[in-house]
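>>> Pasting a predicted model and its sequence here:
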Amino acid sequence: MRTGVLDLVELRTVLGSGEGPFAEDFRYELGWVELQPDPHHPDADRFFEVLEDGTEVARLHLEWRSDFVRHWVGVPRLAPSTVRIQLIEVAAGHRGRGLGRAVADRVRADHVGHRVIALSMDGAEGFWETLGWDRFEHVTGRGFAPLFVSPAV
Ligand SMILES: CC(C)(COP(=O)(O)OP(=O)(O)OC[C@H]1O[C@@H](n2cnc3c(N)ncnc32)[C@H](O)[C@@H]1OP(=O)(O)O)[C@@H](O)C(=O)NCCC(=O)NCCS
């Protein structure tokens with residue numbers, strides 16, 4: 001599948017302003033407008049809009065907090081600088097064209113030498129599996145999202 005030229009444009013936020021990085025856009029189902037950086041860890045979150053040939057087609061929230069993975073069984077040792085795809089959504093009308101894969105691949109390419117992790121939302125497990133990411137289950141078994149880890153490069 002071919003996509004157009006993709007650009008990840010980082011959105012800036014002003015801590016304490018009450019303003020999140022994303023504006024309302026009815027092509028998205030997830031709560032992007034409620035997102036705020038964590039004032040206690042101002043460097044832990046980064047927000048991006050994904051442009052395809054200049055038009056926004058997806059949104060991305062990356063996070064640098066990975067110590068929680070110890071609660072998922074068998075996860076390999078990860079560097080403290082491991083990046084997590086906290087949230088990714090392709091806009092309605094643009095899904096199924098390879099954009100989700102292209103964005104995940106871009107995040108990996110931007111963090112060469114590190115594995116990338118993601119907790120899957122309900123219904124998205126097949127997406128991460130199709131990408132070939134390794135799947136791990138929470139120690140308690142049911143009720144928690146599976147954790148996906150990109151293959152070692
Ligand atoms: C999940 C999502 C990001 C995938 O993006 P997309 O651009 O539609 O996916 P792609 O076209 O890149 O698909 C890549 C591959 O994953 C598969 N795939 C995509 N979504 C899938 C799903 N929900 N279940 C199973 N497989 C899926 C595709 O069939 C494709 O397989 P192929 O390469 O063998 O043809 C998108 O559907 C979305 O935004 N969903 C709503 C929000 C969401 O669930 N986000 C995930 C947060 S963890």
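That came through fine. Quantities reported herein were computed from a predicted structural model and do not represent experimental measurements.
>>> For the longest helix seen in the chain, buried residues please.
Among all segments of the chain classified by DSSP state H, the helix with the greatest residue count is helix 99-110. Neighbour-count burial for helix 99-110, counted by 16 or more other CB atoms under 10 Å, picks out 99-100, 102-104, 106-108. Glycine gets a C-beta too; all of them are placed from N, C-alpha and C.
>>> Helix or strand next in line after that helix, which one?
Next helix or strand after helix 99-110 toward the C-terminus (DSSP states H and E): strand 116-119.
>>> Return the list of helices and strands in contact with the helix or strand just after that following strand.
Sequence-wise, the next helix or strand downstream of strand 116-119 (DSSP H and E) is helix 125-130. Applying 3 or more CB pairs under 8 Å, 6 or more residues apart in numbering; DSSP states H and E, we find helix 125-130 packed against strand 134-136.
>>> Tell me the strands beside the strand it packs on, with direction?
According to DSSP bridges, strand 134-136 forms sheet pairs with strand 147-149 (antiparallel).
>>> quick one: contacts of the partner strand?
69, 72, 75-76, 78, 115-120, 128-129, 131, 133-138 (CB atoms under 8 Å, 6 or more residues apart in numbering).
>>> Any of these buried? List them.
Buried residues within the contacts of strand 147-149, defined by neighbour count using 16+ other CB under 10 Å: 69, 72, 75, 78, 115-120, 128, 131, 133-134, 136.
>>> restrict those residues to contacts with the ligand.
For the ligand, the contacts drawn from those by CB under 6 Å from any ligand atom are 118, 120.
>>> Nearest to the spatial middle of this protein, which residue is it?
What sits nearest the mean C-alpha location of the chain, by CA atoms, centre = their mean, is residue 85, with 2.3 Å.
>>> Are we agreed that that one is in a strand?
Yes - looking at residue 85 with DSSP: H, G, I helix; E, B strand; the rest coil, it is inside a strand.
>>> My guess is it contacts residue 108. True?
No - counting by CB atoms under 8 Å, residue 85 stays clear of residue 108, with 9.8 Å between them.
>>> Report the set of residues contacting both of the two.
Joint contacts of residue 85 and residue 108 (CB under 8 Å, 6+ apart) are residue 116.
>>> how many neighbours does residue 148 have?
Neighbour count for residue 148, taken as other CB atoms under 10 Å: 24.
>>> before we move on, the earlier item: near the ligand, from the buried residues of helix 99-110?
By CB under 6 Å from any ligand atom, the members of the buried residues of helix 99-110 lying near the ligand are 99-100.
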